[in-house]
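Enquirer: Sequence below, structure please.
(one chain, ligands or ions: 2)
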Amino acid sequence: MPTQKLTGKPEELAAFIDKFDIFLFDCDGVLWQGKTLLPKTAETLAHLRTLGKRLLFVTNNSTKSRATYKTKLEELGIPCEADEIFCSAYSSAIYISRVLKLPRDKRVYVIGEAGIEEELAAEGVSHFRDEAGGIRPEDYDNFGPDEGVGVVLCGLDHEISYRKLARAYQYLRNPETVFLATNIDSTFPTHGKLFPGAGSMSAPLTYMTGRTPVSLGKPSQAMMDAIEGVLKFDRKRACMVGDRLNTDIRFGIEGGLGGTLAVLTGVSTEEEILEEGATIVPDVYLDRLCDILG
Ligand SMILES: O=C(O)[C@H](O)[C@H](O)COP(=O)(O)O
Ligand SMILES: [Mg+2]
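Expert: Numbers count the residues shown, from 1 in each chain. Ligands and ions are numbered 1, 2, ... in the order given. Predicted structure coming up:
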C-alpha cells in the first residue's frame, strides 16, 4: 500500500484520528528537538487527550530515565503519567534483569548517561561507568577481560572516549560477556541538525570485535514487551508516530500496530519515504505533528 501525505481536510484528519484509541509518540524529532518543543506539540497532544485518546511516549533516547522524562515533559507543558513513558534505558534494564536474568554477582559496564544507571538501579542490577577523561598509562596494563562483567551496555554518551571504548573492548574480548545496545540510531536530531547517535557509540566496538550488539530500542520488539509489561492495549487500535523510518515506523509495522504516521521534523525525509522500492513505508505522513490538527 503506497504511503500518502495527509491533506489538511478536517474530515480526513478526523477520520484518521478516529481509527485509533492510542497513539505511541516517538520523542526526539517528533515532539521536540533537544530542549525545544516543535510547533504546537503541547496543543496537539492536549487535543488528542480531549478526544479521549491514550498517549504513550516511546523514546530510544537512553540519556534520561522514565522519571526524568516525566519531569521534562511536564516542564515543557505536557502533563503525563510515569506509566505513559517508555525509554530505551528502561527496556534495556527490563531485558537484563527479567529476560537475561543477569546473575546478581555480575555487573553491567555502561557506556551512556544517567538514564541507564537510574533504570538499572531501579531493577537492582549492579553497574558501573568509567569516569570521564583520557586513557592513562596505567590503563594499558589494568584494562583487560573481567569475568565479573556480565554485560557491556552501550547507549548515547555525550562524553564518549577512547578510554571508555578501550575498557569495553577488553571486556568484550570475553565471549561470555553479553554485548547490548540501548538502541542503534546512527544519528541524533537536535538543534535542526543531525549529530552522532547511540549507534555511533557502539559501532566502533562492533568494528573492533566483530560482535553486533542486541539492541533493546525500537525497532526491537523488546520495547513493545516492556510496554506490554506495564499496560495492555489493542495493537490494531494503536498508531505509532515517528520521525525515523528504520526505528519508529519499522517498530510500528513489525509490532502489528493499526497504523504508522511519519513526520518530517526529525531524521527521515520525504524523499526517503517516497523512494521507489522503499522497504519501510509509513501508512501516512505529515510535515509536522501539529498538522494533524488541520
Ligand atoms: O542517538 C539516539 O539515541 C537517538 O537519536 C535518539 O535518542 C532517538 O530518540 P527518539 O527519536 O527515539 O525519541
Ligand atoms: Mg525520533
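
Enquirer: Do a quick rundown of the strands in the stretch 101-250 of the chain.
Expert: In the stretch 101-250 of the chain, the strands defined using DSSP state E, counting those that start in this stretch lie at 107-111, 127-129, 149-154, 178-181, 187-190, 193-196, 214-215, 238-242.

Enquirer: To Ala46, which of the ones you listed lies closest?
Expert: Ala46 sits nearest to strand 238-242 of all the strands of the stretch 101-250 of the chain, at 15.4 Å, using Cβ to Cβ. C-beta: built from backbone N, CA, C; applies to glycine.

Enquirer: quick one: strands adjacent to that closest one?
Expert: strand 22-25 (parallel), strand 259-263 (parallel) (DSSP bridges).

Enquirer: average pLDDT across the last one?
Expert: Going back to what we said before, that points to strand 259-263. In this model, strand 259-263 has a mean pLDDT of 98.

Enquirer: Also stretch 152-161?
Expert: Per-residue scores along stretch 152-161 average to 98.

Enquirer: any chance of the strands of the stretch 101-250 of the chain in CSV, plus mean neighbour count?
Expert: Shown next, in CSV, are the strands of the stretch 101-250 of the chain (neighbours: other Cβ atoms under 10 Å):
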stretch, mean neighbour count
strand 107-111, 24
strand 127-129, 17
strand 149-154, 26
strand 178-181, 22
strand 187-190, 20
strand 193-196, 13
strand 214-215, 21
strand 238-242, 26
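
Enquirer: Let's have those strands in JSON lines, adding distance to ligand 2.
Expert: Formatted as JSON lines, these follow (distance: least, Cβ to the ion, whole Å):
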{"stretch": "strand 107-111", "distance to ligand 2": "21"}
{"stretch": "strand 127-129", "distance to ligand 2": "25"}
{"stretch": "strand 149-154", "distance to ligand 2": "19"}
{"stretch": "strand 178-181", "distance to ligand 2": "16"}
{"stretch": "strand 187-190", "distance to ligand 2": "6"}
{"stretch": "strand 193-196", "distance to ligand 2": "11"}
{"stretch": "strand 214-215", "distance to ligand 2": "15"}
{"stretch": "strand 238-242", "distance to ligand 2": "6"}
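
Enquirer: ok so, going back, a markdown table for the strands paired with strand 238-242, including mean neighbour count and distance to Tyr162?
Expert: As requested, the strands paired with strand 238-242 are exported to a markdown table (neighbours: other Cβ atoms under 10 Å; distance: least, Cβ to Cβ, whole Å):
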| stretch | mean neighbour count | distance to Tyr162 |
| --- | --- | --- |
| strand 22-25 | 24 | 36 |
| strand 259-263 | 25 | 37 |
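
Enquirer: As JSON lines, those strands with distance to Gly252 would be great.
Expert: Shown next, in JSON lines, are those (distance: least, Cβ to Cβ, whole Å):
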{"stretch": "strand 22-25", "distance to Gly252": "7"}
{"stretch": "strand 259-263", "distance to Gly252": "4"}
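
Enquirer: Brilliant, that's me finished.
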